[in-house]
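Colleague: The following comprises the amino acid sequence and a computationally predicted model.
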Amino acid sequence: MKIEEIRRMHEARLLRIANVVGVMIGYKITGGDMTRALSIVLLVEKKIKEQDLKKQDIIPTKIEDEMTDVIEVGKLRALQIDKKARHRPCPMGTSGGHYLVTAGTNGELLRDKRAGKICIGTNNHVGANSNDAQIGDPYLQPAAYDGGTVQDDTIGHLLRFVPINFTLDPSECAAARFWSGIYNVPAKAFGRMTRLKPVVAYPVYNQVDGALIEVAENDVSPNIVDIGVPKGVRHAELDMLVQKSGRTSCHTVDGVVTGIDATVGPVGYGGRFAYFSDQIIITKEGFSAGGDSGSLILDNEGYAVGKLFAGSDAQNITIANPIQIYLDQLEANLVTE
């Protein structure tokens, strides 16, 4: 009987031995040197002295006259890419950001409706520095916080973004600007240092925190790490289970949509604050963390439902823009192939 047949006959029994994680045919190693003698090789998490093993867990030196060998390999796990490293072509779910931003997530590939350009989709606060960027600014992969530099790691450039309306930002109201100017005349005449400045005092609700980063098609992949290529878009529904792949907390699953059509605020942006309407609320502790902003949120079948942009200090809720509103305001389509 051939050694391959013997291995197959005994495989199930051998895999039940404690500490064994694999069985294969290979050359026997003796004294650290590989011989040319075939053997039935058992892969174990850790080599343990025979006297410390139960009788049924001792690996025989021979099986039906075929020699055995034991190789220590540790625990087996699916290998993942380093999301904070540089990748070309770059899959989605990895580190990226405007060159003046710490770090966020490359969410998905989008096709610009205006000119058909391929773009990385992310948040305004990741790709456009919370409104403070200029069109054409460099976008890094990996992000600056993860070691990316403009010289070596620019993967694309800001194409456009949806501006965020912040409270207490300067007001563009003509009447407010006129009257503040009138009241500032006597203050200046009397040498006062204080001036009136019109600001947005009441919330102007946003729906989207989004930006498009133009990239070369050969430098990116539509594949989202640990998830795959999105299949399309769907509306979020209450009790829907969702997943995401982000730079910081990687692949998280079984988030539960506990709120739709939510109005939230103030959402903090490093000293500035904004309000949002029509949002999706996902509940699960640890579903997202800082640096995951920009991640695409998908249902368990791989359909996109939202765009992650915020969360709570307690890390028990995640907030997302509805995917179709996000795509419509960015004037883009999701790449699904």
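Modeller: On my side now, so go ahead.
Colleague: How many residues are close by the closest residue to T149 other than its chain neighbours?
Modeller: Once its chain neighbours are removed from consideration, T149 has its nearest residue in L140; the separation is 7.2 Å (C-beta to C-beta, 6 or more residues apart in numbering). In this view, the C-beta of every residue, glycine as well, is placed from N, C-alpha and C. Burial of L140 is recorded as 27 neighbouring residues (other C-beta atoms under 10 Å).
Colleague: Check the one 5 residues further on too.
Modeller: Around Y145 there are 16 other residues, counting by other C-beta under 10 Å.
Colleague: likewise D152?
Modeller: Other residues near D152 come to 9 when the count uses other C-beta under 10 Å.
Colleague: same thing with N316?
Modeller: What N316 shows, counting by other C-beta under 10 Å, is a neighbour count of 13.
Colleague: what phi and what psi does the backbone show at the residue lying closest to it once chain neighbours are set aside?
Modeller: Spatially, and ignoring its direct neighbours in sequence, N316 is nearest to E285 (4.7 Å; C-beta to C-beta, 6+ apart). Main-chain torsions, E285, degrees, to the nearest 10: phi -60, psi 130.
Colleague: residues touching E285, list them.
Modeller: Neighbouring residues of E285 by C-beta atoms under 8 Å, 6 or more residues apart in numbering: A314, Q315, N316.
Colleague: Likewise for G22?
Modeller: Residues near G22 by C-beta under 8 Å, 6+ apart: L15, L42, L43, V73, L76.
Colleague: neighbour-wise, which of those residues leads?
Modeller: L42 (21 neighbours).
Colleague: Buried residues, the helix or strand where it lies. List them.
Modeller: Here L42 is covered by strand 33-44, with elements defined by DSSP states H and E. For strand 33-44, a neighbour-count test (16 or more other C-beta atoms under 10 Å) marks L38, S39, I40, V41, L42, L43, V44 as buried.
Colleague: Contact partners for the last one?
Modeller: Contacts were defined as C-beta under 8 Å, 6+ apart; by that measure V44 touches N19, V20, V21, I59, V70, I71, E72, V73.
Colleague: lowest confidence element among the helices and strands of the chain?
Modeller: Of all the helices and strands that make up the chain, the one with the lowest confidence by mean pLDDT, DSSP states H and E is helix 174-189; it has a mean of 54.
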